[in-house]
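Student: Attaching a predicted model along with its sequence, questions to come.
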Amino acid sequence: MHSHDVHAQNFPIMVQLLLALPFVLALIGYILAVIISNQHKKQWPHFRTICWIVGNVCALITLIGPLAALSHIHFDAHMIGHLLLGMLAPLLMALAAPMTLLLRTLPVNRARILSRLLKNPYVRFIRHPIIASILNVGGLWLLYTTSLFNLMHEHILLYVFIHLHIFLAGYLFTIAFIYIDPTPHSYSYVFRSLTLVVALAAHAILAKFIFANPPHHVPSTEAELGAKIMYYGGDAIEILLVYILFYQWFKSTRNSIQPKAATSSR
């Protein structure tokens with residue numbers, strides 16, 4: 001990636017600001033929504049607000065500042081950015097339940113419109129666990145096994161598109177497996193668990209593939225370090241995702257058993 005030194009130095013700061021702007025606005029909007037919501041309803045959990053703030057900070061660190069500059073030059077820095085933008089930030093922001101907050105902040109009429117949008121067939125399609133996995137993990141395979149990775153550092157529009165895709169696909173992937181916000185079209189825990197296992201395996205295999213087959217212009221030593229970051233760092237975040245999914249499964253099973261036990265004891 002050292003061949004991208006010139007591109008990194010000449011990469012407009014405006015591009016970084018453009019990518020960072022949605023997250024800054026989302027951060028401000030969420031906090032304002034919490035303030036408005038707390039004036040009329042039960043206090044919004046501090047844990048969710050913290051998750052949203054930290055998640056946005058993770059994304060911003062990736063898109064603007066020293067890490068964003070280094071990611072053009074060093075593959076290991078790029079891979080740290082991938083973990084923050086495509087995995088950790090989406091997970092934390094999903095735990096913040098932004099849609100639930102928005103629904104309870106909006107006026108009734110607008111909240112109903114938003115509810116109808118969430119039930120749209122297109123939303124149901126892209127939130128399907130298999131489709132979300134293809135968009136997320138499949139997109140990474142396409143990025144790191146083709147010339148897209150190098151082109152991304154040479155073309156501004158492609159750079160912007162790929163980074164937005166990495167975050168949005170990561171967020172979509174997260175909410176396809178763990179249900180924090182209202183989910184009109186839900187899938188069974190068994191189906192989601194099996195699909196998640198396959199998706200995580202594909203992510204791990206990609207890390208091993210990068211280790212053995214570095215992208216073009218990436219030194220083998222950097223590729224090996226980046227692949228390790230992707231593999232082990234990805235494991236750490238994926239464990240959190242699996243834990244949350246299984247905890248929700250356990251909780252739903254326990255809740256369904258308790259009423260039956262109460263009925264049988266009468």
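Tutor: In hand now; what should we look at?
Student: Go through the helix or strand that contains Ile175 and flag the buried ones.
Tutor: Per DSSP states H and E, Ile175 falls inside helix 156-177. By 16 or more other CB atoms under 10 Å, the buried positions in helix 156-177 come out as 159-160, 162-163, 165-167, 169-177. Where C-beta positions appear, they are placed from N, C-alpha and C, glycine not excepted.
Student: next one: stretch 239-252
Tutor: Neighbour counts over stretch 239-252 (16+ other CB under 10 Å) mark Leu241, Val242, Ile244, Leu245, Gln248 as buried.
Student: roughly how far out does it sit from the chain middle?
Tutor: 17 Å (CA atoms, centre = their mean, to the nearest Å).
Student: Likewise for stretch 149-162?
Tutor: Taking the mean of its C-alpha atoms, stretch 149-162 sits 19 Å from the chain's own mean (CA atoms, centre = their mean).
Student: Now the terminal residues of it, how far apart.
Tutor: Length of stretch 149-162, first residue to last, CA to CA, to the nearest Å: 9 Å.
Student: Count the residues that sit near Leu200.
Tutor: Look at Leu200: counted by other CB atoms under 10 Å, it has 18 neighbours.
Student: now the one 5 residues further on
Tutor: Counted with other CB under 10 Å, residues neighbouring Ile205 total 13.
Student: what residue ranges in the chain score low on pLDDT?
Tutor: For the chain, the stretches flagged by pLDDT under 70 are 1-11, 256-266.
Student: The helix holding Ile175 packs against which elements?
Tutor: Here helix 156-177 touches helix 13-40, helix 46-63, helix 89-95, helix 129-133, helix 139-145, helix 148-152, helix 189-212, helix 234-264, going by 3 or more CB pairs under 8 Å, 6 or more residues apart in numbering; DSSP states H and E.
Student: Please identify which of the ones you listed is closest to Gly81.
Tutor: Among the helices and strands packed on helix 156-177, the nearest to Gly81 by CB to CB is helix 46-63 (4.1 Å).
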